[in-house]
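Visitor: got a sequence here, can you model it:
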Amino acid sequence: MEAVHDHSHDHHVPTGIMRYVTTTNHKDIGSLYLWFSFMMFLVGGVMALVIRAELFQPGLQVVQPEFFNQMTTLHGLVMVFGAIMPAFVGFANWQIPMMIGAPDMAFPRMNNWSFWLLPPAGMLLLGSLLAPGGAGGVGWTMYAPLTIQQGMGMDMMIFAIHILGMSSIMGSINIITTILNMRAPGMTMMKMPLFVWTWLITAYLLVASMPVLAGAVTMTLTDRHFGTHFFNAAGGGDPVLYQHIFWFFGHPEVYIIAIPAFGVISEVIPTFSRKPLFGYPSMVYATGSIAILSFLVWAHHMYTVGMPVEAQLYYMFATMLIAIPTGVKVFNWVATMWKGSMSFETPMLFAQGFLFLFTIGGFTGLVLAVTPIDIQLHDTYYVVAHFHYVMVAGALFAAFAGVYYWLPKWIGKMYDEKLGKIHFWLSLTFFNITFFVQHFLGLAGMPRRIPDYALQFADWNMVSSIGAFGFGLSQVFFLYILLKAIRSGEKAPEKPWDGATTLEWTHLPTPAPYHSFETPPDLRN
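Guide: I've put the predicted structure just below:
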């Protein structure tokens, strides 16, 4: 019998750019997601600065109102779909296989495709600015009937959202399959790190809500080009129907952004408190409760559309209910730190910033849950302040915490701790200068999405704009810290955070499974 020929060395392993185009390695793909999201973050940030430059003083000075509206629209879409969501998917790709002792993700080629759908979608989204009629001043929510009158840029946005949705759904299927089927022997569901739990729950949210958004933009598309009247009152349709469909996706979406952030914080706080996470099972159940409730409260975005008062009451009370599991999480994080041996490296500082500011965002959310108050504050800067406390001080600060926390594991080098702390204090200070004063503007009645405003709002707008430019420059500083660490960072010690990572297991009566985080299994591309 002829000897079996070994083909393993025959195929050429691509290098350079082709390595990343063809990669099926979860670490490479995680890095791609993170760099893509950071680039989109900078693009979305420049758009925010255009908005704040225009609002620096009353009157029209920097851009035309049409272009201002396109900036508000694209700033939202780019930040949500281009920056924050891909960042947390990047964390998921890097960490989940290592945390559960899997060799890679369940579907490595689909993983590659999930990522490579993003750059063309991003180009379509940004390219809509150059199309006739531009991206349209429809807001990131793309409400009908505004979307019917727009030019080709609107079609490009719809197509971009379809592609982004495909990427999210495939990524989610991959994450769910990996977590349910590829855990190391001995790792039961209730022994998984909380970051893995939060992503399992988030992936289910994505699979359930993304197709709803696809339906909403597809109906918009057929209204625009195929003579349907889903949202056209003249043809028997209803523009409020669009709002119901959109927010049935849009409310779970804010938790799709927040829940992975909770997972990162639940890894960082125990490490730097040198204590296991307090109340692990209650954290899992609280996260699940938040996810389920997020599908039952969508119309609190719609108190002003003329709902029956019974419906308003239901949405008010259901929304307030979400405060309970969220309060459980905050309590558990604080209890984890209680009497811990705490230290305040950069990841912990960002986690503290998250805890404090996200809680403020939660309280203003409770304020807006109260129907009569919301009717007054609807579409004012109070709402803008509220959701930026949740999205920026919440999700973005958690993402920064995660990057600083895992960077030594990813690149094998340490970042400059002193510069990291400076980045935190700059971000924290300028964030509050930018967004805290917007509560005052909103309470005084300043509407959002306007390029010009009454003289009474001038002072706080000037403060807010100064803060925004400071915040933006701080993130360029963050890029410098990253590049400095990658180029010339000191070699990371074997256990950069005092070996506190093993604390995941200490709440268990049983010993840790064979695959601990300390020694991930050998991986081959």
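Visitor: check the gap between residue 351 and residue 250 for me.
Guide: 27 Å (C-beta to C-beta, to the nearest Å). (C-beta placed from N, C-alpha, C; glycine too.)
Visitor: more crowded one of the two?
Guide: Neighbour comparison, residue 351 and residue 250: the larger count goes to residue 351, with 29 against 19 (by other C-beta atoms under 10 Å).
Visitor: who are the packing partners of the helix or strand the more buried one falls within?
Guide: Using DSSP states H and E, the element containing residue 351 is helix 346-369. Using 3 or more C-beta pairs under 8 Å, 6 or more residues apart in numbering; DSSP states H and E, the elements in contact with helix 346-369 are helix 239-273, helix 309-321, helix 323-337, helix 371-377, helix 381-390, helix 397-411, helix 417-443.
Visitor: if I pick the closest residue in space to residue 412 that isn't next to it in sequence, what's in contact with it?
Guide: In space, residue 412 comes closest to residue 492 once its chain neighbours are excluded; the distance is 5.4 Å by C-beta to C-beta, 6 or more residues apart in numbering. By C-beta atoms under 8 Å, 6 or more residues apart in numbering, the contact set of residue 492 is 408, 409, 411, 412, 413, 414.
Visitor: between those residues, which sits nearest residue 241?
Guide: residue 409 (47.4 Å; C-beta to C-beta).
Visitor: ok, the closest one - contacts?
Guide: 492, 496.
Visitor: show the model's pLDDT score for it.
Guide: At residue 409, the model reports a pLDDT of 92.
Visitor: same deal with the one 5 residues further on?
Guide: For residue 414, the pLDDT comes out at 94.
Visitor: now it: how far from residue 425?
Guide: Counting by C-beta to C-beta, the gap from residue 414 to residue 425 is 19 Å.
Visitor: what's the burial count for the residue lying closest to residue 424 once chain neighbours are set aside?
Guide: Of all residues beyond its chain neighbours, the one nearest residue 424 is residue 349 (4.4 Å), with distances taken as C-beta to C-beta, 6+ apart. By the criterion of other C-beta under 10 Å, residue 349 has 23 neighbours.
Visitor: circling back: residue 414 and residue 425: which has the busier surroundings?
Guide: Neighbour totals were compared for residue 414 and residue 425, and residue 414 leads with 17 against 12 (other C-beta under 10 Å).
Visitor: the more buried one touches residue 484, doesn't it?
Guide: No: Residue 414 lies out of contact with residue 484 (C-beta atoms under 8 Å); the separation is 10.5 Å.
Visitor: and stretch 40-50, average pLDDT?
Guide: The average of the pLDDT scores along stretch 40-50 is 97.
Visitor: can you name the residues in contact with stretch 302-316?
Guide: Contacts of stretch 302-316 (C-beta under 8 Å, 6+ apart): 240, 243-244, 247, 297, 299-300, 369-371, 374-375, 378-379.
Visitor: correction: the previous question concerned stretch 268-285.
Guide: 190, 194, 197, 266, 325, 328-329, 331-333, 335-345, 347-348, 350-351, 355, 401-402, 405, 497-498, 500-501, 503-504, 506-507.
Visitor: buried subset of those residues?
Guide: 194, 197, 266, 325, 328-329, 332-333, 336-337, 340, 345, 347-348, 350-351, 355, 401-402, 405, 497, 500-501, 503-504, 507 (16 or more other C-beta atoms under 10 Å).
Visitor: low pLDDT regions in the protein?
Guide: Filtered on pLDDT under 70, the chain yields the residue ranges 1-11, 499-525.
Visitor: again, only using 90
Guide: When residues are selected by pLDDT under 90, those of the chain lie in 1-19, 131-137, 144-146, 148-151, 186, 275, 341, 489, 492-525.
Visitor: in contact with residue 480, which residues?
Guide: Contacts of residue 480 by C-beta under 8 Å, 6+ apart are residue 419.
Visitor: for it, helix, strand, or coil?
Guide: helix (DSSP: H, G, I helix; E, B strand; the rest coil).
Visitor: mind listing the helices for the stretch 151-300 of the chain?
Guide: Assigned by DSSP state H, counting those that start in this stretch, the stretch 151-300 of the chain shows helices spanning 152-181, 194-225, 239-273, 280-293.
Visitor: out of those, deepest packed?
Guide: With neighbours taken as mean count of other C-beta atoms under 10 Å, the helices of the stretch 151-300 of the chain reach their highest mean count in helix 239-273, at a mean of 23.
Visitor: gap between that helix and the chain center?
Guide: With C-alpha atoms, centre = their mean, to the nearest Å as the basis, helix 239-273 stands 7 Å off its chain's centre.
Visitor: figure out which of the helices and strands packed on helix 346-369 is closest to residue 119.
Guide: The closest of those to residue 119 is helix 397-411. By C-beta to C-beta, the value is 19.9 Å.
Visitor: hmm, back to that, and the helix holding residue 351, what's buried?
Guide: By neighbour count on 16+ other C-beta under 10 Å, the buried set for helix 346-369 is 346-355, 357-362, 364-365, 368-369.
Visitor: what does stretch 132-149 give?
Guide: So stretch 132-149, judged by 16+ other C-beta under 10 Å, has buried residues 134-147.
Visitor: can you give me the offset of that stretch from its chain's centre?
Guide: In terms of C-alpha atoms, centre = their mean, the centre of stretch 132-149 is found 23 Å from the chain centre.
Visitor: so how far does it reach from one end to the other?
Guide: Criterion C-alpha to C-alpha, to the nearest Å; first-to-last residue distance in stretch 132-149 is 12 Å.
Visitor: contacts for that stretch?
Guide: Contacts for stretch 132-149 (C-beta under 8 Å, 6+ apart): 65-70, 72-77, 80, 128-129, 150-154, 156-157, 216-217, 220, 223-224, 230-232, 239, 242-243, 246, 250, 449.
Visitor: next: stretch 347-361.
Guide: By C-beta under 8 Å, 6+ apart, stretch 347-361 touches 261, 265, 268-269, 271-272, 330, 333-334, 342, 344, 386-390, 393-394, 397-398, 400-402, 404-405, 421, 424, 427-428, 431-432.
Visitor: equivalent analysis for stretch 235-250, please.
Guide: For stretch 235-250, using C-beta under 8 Å, 6+ apart, the contacting residues are 141-145, 209-210, 212-213, 215-216, 219-220, 223, 228-233, 295, 298-299, 301-302, 305-306.
Visitor: got the contact list for residue 190?
Guide: Counted by C-beta under 8 Å, 6+ apart, residue 190 has contacts 280, 281, 284.
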